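Asker: predicted model and sequence follow; I will ask about them next.
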Amino acid sequence: MFDKILIANRGEIACRVARTAKRLGIRTVAVYSEADAGAMHVASCDEACLIGPPPVRDSYLRIDRIVDAAMRSGARAVHPGYGFLSENEDFAEACAAAGIVFIGPPVAAIRAMGSKSAAKALMENAGVPLVPGYHGEAQDIDLLAREAERVGYPVLIKASAGGGGKGMRIVRTPAELKDAVASAKREAASSFGDDKVLIERYLTRPRHVELQVFADTHGNCIHLFERDCSVQRRHQKVLEEAPAPGMTSERRRQMGSAAVAAANAVNYVGAGTVEFILDESGEFYFMEMNTRLQVEHPVTEMITGLDLVEWQLRVAAGEPLPLTQEEVTVHGHAIEARVYAEDPARGFLPSIGRLAHLREPATSKHVRVDTGVRAGDEIGVHYDPMIAKLICWDVDRPSALRRLRRALGEYQVAGVSNNVAFLAALTAHRAFAQAHEDTSLLDTGLIERHQAELFPPAAPIPDAVLAVATLSELLHADALARERAAASGDPHSPWHGSSGWRLNEDNFHVLRFLDAGKAVAVTAHYRADGYEFELPGSRSSVRGLLKVDGSMAVDIDGTCFDATVVRLGTVLEVFALGSTHRIEIEVPDRGGDDADGGSLAAPMPGSVIEVLVKPGDTVAKGAALMIIEAMKMEHTIAAPAAGTVKEVYFAKGDQVAEGVDLIGFEAGA
């Protein structure tokens with residue numbers, strides 16, 4: 001076994017690898033960019049090496065700097081995590097040339113599976129079923145159009161060199177093909193340095209099921225059962241679970257055999273994932289093989305009781321697999337939810353900013369949180385906006401799902417937009433909650449199909465939540481008044497009070513909030529044992545106190561519970577009764593909205609990759625004006641109405657900040 005390893009990654013996977021290494025007595029070396037100097041993964045390791053400025057191309061993708069860091073630190077092996085260089089054959093070769101063990105598969109296996117087109121050919125020869133499509137090297141658009149016609153619309157355009165939804169487009173008609181191919185190629189080149197694409201028949205209601213495989217250098221190769229990763233947005237996974245709902249022992253045997261055959265076809269070693277797509281009849285087809293550990297590996301660990309990172313380390317050190325196929329068994333059910341800094345209501349756009357408040361659910365044998373950030377950390381533009389992975393296990397799927405819902409209700413994130421409330425709605429939706437009873441409810445289009453139910457119109461903020469927000473403001477004002485009094489020369493002066501006392505009058509305060517832009521008033525009357533609140537729909541007796549951890553003990557008409565309110569400027573993030581609400585404090589003299597609607601703003605920081613119009617152009621509503629790229633995803637800026645482009649403020653290649661005007665636009669001209 002190794003004495004010291006370098007972890008060539010960041011965030012939660014770097015922390016995850018470090019945790020297992022330390023348990024095994026292995027020293028760890030982190031690498032970090034200038035933006036990550038204070039990051040959690042740096043603190044989690046025994047040593048750390050600076051490898052460059054924030055952009056990944058200048059730091060986490062710099063093979064020379066990472067290999068040099070391993071050499072200088074004396075690390076005998078490198079764990080690549082996932083993403084970045086984890087499936088880069090040049091990196092694996094550079095490690096081997098330096099006498100460093102690459103904790104991953106052989107270079108030949110990475111090369112074979114690195115091209116989706118080449119991988120399809122290998123799988124066909126190995127007898128693994130394939131989705132009909134075009135996997136050739138020629139990329140002429142006319143040829144691609146002919147192949148798409150042969151395969152039959154709708155088709156799926158996919159980047160040949162990568163995954164994770166990057167460079168992937170659904171094309172439903174021939175008229176859409178040219179633009180879709182161009183867009184997919186741009187995104188593929190940006191993400192993987194290779195713009196080649198392939199074409200496959202698009203299955204309209206597919207399930208995404210993958211098999212975890214493991215192989216050693218002694219000729220052993222087994223699978224560790226399947227994971228269902230069907231619930232996706234933007235072709236990226238949101239929820240993953242193991243075992244897959246509705247999986248029969250016969251289907252598991254068939255898919256497991258195909259996965260092992262796929263691994264053996266390339267003489268695989270280490271942890272890998274063979275991904276399949278299932279049609280509505282249950283027939284399965286090979287999609288790709290990821291030659292690395294997957295983001296969703298914890299659900300496999302939870303149902304098998306195994307540590308897959310430990311297995312990686314042992315196999316890389318030359319040991320045989322710890323167990324045979326017959327010795328690996330399934331226990332219970334596990335579900336993973338990916339907690340992201342993103343805004344689901346805005347098309348899941350990533351969000352950046354400081355994590356002003358972060359409180360995770362309590363961990364146990366049932367609840368696991370894999371994270372790489374802490375309260376106060378920054379979610380930046382350069383890296384993936386994942387906050388954490390929340391994994392829950394229990395004896396069966398309904399029980400695991402109940403655990404997950406409760407844990408999501410306890411998750412508190414403030415300072416950046418996030419998807420916790422969306423995940424709570426998603427896991428409560430019938431299509432996911434009852435998938436074990438009716439697997440036809442579960443497929444990759446679940447979120448899109450149930451868009452209206454998952455994104456309902458905003459409801460008025462409940463009176464109980466308004467009461468919590470009001471109570472928080474009053475208790476903090478009272479605490480501040482006591483602090484000022486204690487620091488003054490006359491702590492007993494009535495001028496330091498915050499009780500609203502008035503001679504011969506009822507003592508009360510009126511607090512005004514904005515609920516989705518609508519003014520809401522709460523009148524708080526002071527009473528000897530607390531307050532009486534006049535709320536929009538009720539009148540309640542309210543008491544409470546601030547706790548040392550920043551939360552509050554709340555009593556509303558005899559109903560007691562804990563709540564947390566985080567104030568960010570004029571915005572209150574209220575965490576109460578298992579849900580989160582955002583309330584704005586009304587500020588006097590706010591002024592009217594003087595925006596004339598004549599400009600289009602950047603939805604987030606990024607870079608301009610295409611400018612499609614020039615000043616003077618007249619465009620139709622919805623016409624594409626500009627394409628910006630952020631976090632390796634493309635975002636099209638479209639005309640809000642028919643009109644005229646007056647000015648274009650940025651050129652191709654320019655960096656833009658969130659909220660800046662991109663284009664001057666005059667509607668109706």
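Answerer: The structure has been received and is ready for your questions. Residues are numbered from 1 along each chain as shown.

Asker: toward the C-terminus, what is the element adjacent to the helix or strand where residue 427 lies?
Answerer: If you go by DSSP states H and E, residue 427 is part of helix 420-428. Downstream of helix 420-428, the next assigned helix or strand under DSSP H and E is helix 430-433.

Asker: okay, buried residues for that following helix please.
Answerer: The neighbour-count check on helix 430-433 (16 or more other Cβ atoms under 10 Å) flags 431, 432, 433 as buried. No exception for glycine: its C-beta is placed from N, CA and C like everyone else's.

Asker: with just CA atoms, put that helix into PDB.
Answerer: Only the C-alpha atoms of helix 430-433 are listed here, as PDB (Å, rounded to 0.1, in the frame of the first residue of the first chain):
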ATOM      1  CA  ARG A 430     -45.600  11.000  -7.500                       C
ATOM      2  CA  ALA A 431     -43.600  10.200 -10.600                       C
ATOM      3  CA  PHE A 432     -40.500   9.700  -8.500                       C
ATOM      4  CA  ALA A 433     -42.000   8.700  -5.200                       C
END
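
Asker: chain center to the longest helix seen in the chain, what's the gap?
Answerer: Secondary structure of the chain read by DSSP state H shows that its longest helix is helix 463-487. Centroid separation for helix 463-487 versus its chain: 35 Å, with Cα atoms, centre = their mean, to the nearest Å.

Asker: then stretch 220-239?
Answerer: Taking mean C-alpha positions (Cα atoms, centre = their mean), stretch 220-239 and its chain are 15 Å apart.

Asker: hey, where'd the helices end up in the stretch 201-350 of the chain?
Answerer: 249-265, 297-304, 308-316 (DSSP state H, counting those that start in this stretch).

Asker: so which elements touch the second one?
Answerer: Spelled out, it's helix 297-304. strand 221-233, strand 236-242, helix 308-316, strand 333-340, strand 367-371, strand 386-394 (3 or more Cβ pairs under 8 Å, 6 or more residues apart in numbering; DSSP states H and E).

Asker: and it, what's its mean pLDDT?
Answerer: Helix 297-304 shows a mean pLDDT of 98.

Asker: same check, this time on stretch 264-284
Answerer: 94.

Asker: okay, buried residues for it please.
Answerer: 265-266, 268-279, 284.

Asker: farthest pair in those residues?
Answerer: 269 and 279 (31.8 Å; Cβ to Cβ).

Asker: low-scoring pLDDT stretches of the stretch 351-500 of the chain, where are they?
Answerer: 488-500 (pLDDT under 70).

Asker: scratch that, the stretch 151-300 of the chain is what I was asking about
Answerer: Checking the stretch 151-300 of the chain against pLDDT under 70 turns up 163-164.

Asker: which one is residue 565 nearest to, not counting chain neighbours?
Answerer: residue 472 (3.7 Å; Cβ to Cβ, 6 or more residues apart in numbering).

Asker: what does stretch 439-458 contact?
Answerer: The contact list for stretch 439-458, computed with Cβ atoms under 8 Å, 6 or more residues apart in numbering, reads 204-208, 228, 230-233, 235, 238, 245-246, 280, 344-345, 422, 425-426, 429-432, 434-435, 516.

Asker: could you do stretch 107-117 as well?
Answerer: Contacts for stretch 107-117 (Cβ under 8 Å, 6+ apart): 87-89, 92-93, 96, 104, 118-119, 122, 135-137, 158-161, 196, 198, 265-269, 272, 288-291.

Asker: among these, which are in strands?
Answerer: Counting by DSSP state E, these place 158, 159, 198, 272, 288, 289, 290 in strands.

Asker: for the nearest residue to the second one once chain neighbours are set aside, what are its contacts?
Answerer: By that I understand residue 159. Counting by Cβ to Cβ, 6+ apart, residue 167 is the residue found nearest to residue 159 once chain neighbours are left out, at 2.9 Å. Neighbouring residues of residue 167 by Cβ under 8 Å, 6+ apart: 157, 158, 159, 184, 185, 187, 188, 191, 192, 195, 197.

Asker: and if you look at residue 605?
Answerer: 352, 381, 630, 655, 656, 657, 658 are the contacts of residue 605 under Cβ under 8 Å, 6+ apart.

Asker: quick revisit: just the buried ones from the contacts of stretch 107-117?
Answerer: 87-89, 92, 104, 119, 122, 135-136, 158-161, 196, 198, 265-266, 268-269, 272, 288-291.

Asker: and the residue nearest to residue 565, how far is that from residue 566?
Answerer: 9 Å (Cβ to Cβ, to the nearest Å).

Asker: and what of residue 330?
Answerer: The value you get for residue 330 to residue 566, if Cβ to Cβ is used, is 41 Å.

Asker: repeat for residue 40
Answerer: From residue 40 over to residue 566 the distance is 20 Å, taken as Cβ to Cβ.

Asker: try residue 305
Answerer: 38 Å.

Asker: what are the phi and psi values at residue 74?
Answerer: When read as degrees, to the nearest 10, the backbone of residue 74 gives phi 80, psi 20.

Asker: so what's the closest residue to it other than its chain neighbours bridging to?
Answerer: The shortest distance from residue 74 to any non-neighbouring residue, by Cβ to Cβ, 6+ apart, is to residue 4 (6.0 Å). Note on residue 4: beta-bridge partners residue 27, judged by DSSP bridges.

Asker: one step back: make TSV out of the helices and strands packed on helix 297-304 and add distance to residue 80.
Answerer: Listed next are the helices and strands packed on helix 297-304 as TSV, based on distance: least, Cβ to Cβ, whole Å:
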stretch	distance to residue 80
strand 221-233	20
strand 236-242	20
helix 308-316	10
strand 333-340	20
strand 367-371	17
strand 386-394	17
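
Asker: what's the closest of these to residue 250?
Answerer: Short answer: strand 221-233, nearest of those by Cβ to Cβ, at 13.1 Å.

Asker: returning to that earlier point: run through who's touching the longest helix of the chain.
Answerer: By Cβ under 8 Å, 6+ apart, the list of residues contacting helix 463-487 reads 491-493, 496-499, 509, 511, 513, 520, 522, 524, 531, 533, 535-538, 540, 542, 544-546, 552, 554, 556, 563, 565, 567, 572, 574, 576-577, 579, 581, 583, 585.

Asker: inside strands: which ones of those?
Answerer: Those of the contacts of helix 463-487 lying in strands (DSSP E): 509, 511, 513, 520, 522, 524, 531, 533, 540, 542, 544-546, 552, 554, 556, 563, 565, 567, 572, 574, 576, 579, 581, 583, 585.

Asker: buried members of the contacts of residue 167 into PyMOL, please.
Answerer: Applying 16+ other Cβ under 10 Å to the contacts of residue 167 leaves a buried subset, and the PyMOL line that selects it is:
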select buried, resi 157+158+159+184+185+187+188+191+192+195+197
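
Asker: need the contacts of residue 167 in JSON lines with distance to residue 112, can you?
Answerer: Formatted as JSON lines, the contacts of residue 167 follow (distance: Cβ to Cβ, whole Å):
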{"residue": "157", "distance to residue 112": "22"}
{"residue": "158", "distance to residue 112": "17"}
{"residue": "159", "distance to residue 112": "17"}
{"residue": "184", "distance to residue 112": "23"}
{"residue": "185", "distance to residue 112": "23"}
{"residue": "187", "distance to residue 112": "24"}
{"residue": "188", "distance to residue 112": "19"}
{"residue": "191", "distance to residue 112": "20"}
{"residue": "192", "distance to residue 112": "16"}
{"residue": "195", "distance to residue 112": "20"}
{"residue": "197", "distance to residue 112": "19"}
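
Asker: quick one: which of the contacts of residue 167 is nearest to residue 338?
Answerer: Nearest to residue 338 among these, with distances taken as Cβ to Cβ, is residue 191, at 18.6 Å.
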